[in-house]
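*Asks:* The following comprises the amino acid sequence and a computationally predicted model.
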Amino acid sequence: MTVIWPGDTTSVPKGWELPKNGKKLRIRVPVKDRFSEFVKVKRDPSSNTTTVTGYSVDVFNYVVKALPYALPYEYIPFAKPDGETAGTYNDLIYQVYSKVKLSPTFSCT
């Protein structure tokens with residue numbers, strides 16, 4: 001049986017397959033008190049869990065759910081081990097630009 005994919009092709013388009021490498025899209029989120037209606041990171045030290053909420057997060061989650069393929073992702077707070085911010089917005093952008101390896105220790109989904 002032949003499957004015809006969007007674009008009238010028989011080749012499986014990229015993104016329609018489940019990722020086999022186990023990699024997730026890693027989204028760095030700022031840990032700041034300002035603009036918490038857009039993104040807010042809350043850490044619960046008793047359960048060692050982190051929750052990311054806010055308008056930007058809601059929009060992103062909605063779009064990901066609407067995609068016709070799986071997109072594994074995780075939010076990674078831009079924070080020190082104590083939960084405090086790891087720097088300025090410029091520091092965060094510079095780390096993305098520099099492709100700094102992210103520590104999975106402080107990730108959340």
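*Replies:* Yep, it's here. Numbering: from 1, shown residues only.
*Asks:* Quickly note the distance from the residue minimising distance to the centre of the chain to residue 82.
*Replies:* For the chain, the residue sitting closest to the mean C-alpha position, by C-alpha atoms, centre = their mean, is residue 27 at 3.1 Å. Applying C-beta to C-beta, to the nearest Å, the value for residue 27 to residue 82 is 21 Å. All C-beta atoms are positioned from the backbone trio N, CA, C, and that covers glycine.
*Asks:* Residue 64 too?
*Replies:* Residue 64 is 30 Å from residue 82, by C-beta to C-beta.
*Asks:* So which of those two has more stuff around it?
*Replies:* Neighbour count, other C-beta atoms under 10 Å: between residue 64 and residue 82, residue 64 has more, with 13 against 7.
*Asks:* For residue 52, which non-adjacent residue is spatially closest?
*Replies:* residue 75 (4.3 Å; C-beta to C-beta, 6 or more residues apart in numbering).
*Asks:* my hunch is that the one you found is in a helix, does that hold up?
*Replies:* No - according to DSSP: H, G, I helix; E, B strand; the rest coil, residue 75 belongs to no helix; its state is strand.
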